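# got a sequence here, can you model it:
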Amino acid sequence: MTKHLDHLKKPEDEGFTFICLLGDLQERVGKKFIVSDIEIAVFKLNSEIFAVSNICPHQQTHLIFDGFIEDEFVVCPAHGWKFNLRTGRKDSGSNGLRTFPIELIDDKVFVKVTQKELKW
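Predicted coordinates for the structure are as follows:
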């Protein structure tokens, strides 16, 4: 989900990484980025920006960026699983996608990607 970062702070100091200009994103069309060795899919929907994991949990396909949009869901092109862009949750509530914070400064899009802590 898009948030506007305080212009007095540098996004890099807050853990964000520049990924693209706002104009590089097309409405309802995904784009793939790799940040800190993590694949993310970024979508622009109704002028709001969302970032989710690019890897579908069903069969670990790296195709979420190529999915199509239904309402606020992205549909995996491999097997049709639907994920909410805001929460990452699957439409049936299990095996969701990880979401990532997005910040917008002027026309620059930043994402915050942190390594997920393993829980044993």
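# gap between residue 67 and residue 82?
To residue 82, residue 67 is 9 Å away according to CB to CB, to the nearest Å. Every C-beta, even on glycine, is put in place using the N, C-alpha and C of the backbone.
# quick one: average pLDDT of the biggest strand by length in the chain?
The strand spanning the most residues in the chain, taking DSSP state E as the definition, is strand 38-45. For strand 38-45, mean pLDDT is 97.
# what about the nearest residue to residue 64 once chain neighbours are set aside, how many residues close to it?
Among residues not flanking residue 64 along the chain, residue 41 sits closest, at 4.2 Å (CB to CB, 6 or more residues apart in numbering). Each residue near residue 41 was counted by other CB atoms under 10 Å, and the total is 26.
# quick check: residue 41 touching residue 53?
Yes. Between residue 41 and residue 53 there is a contact under CB atoms under 8 Å: 7.2 Å.
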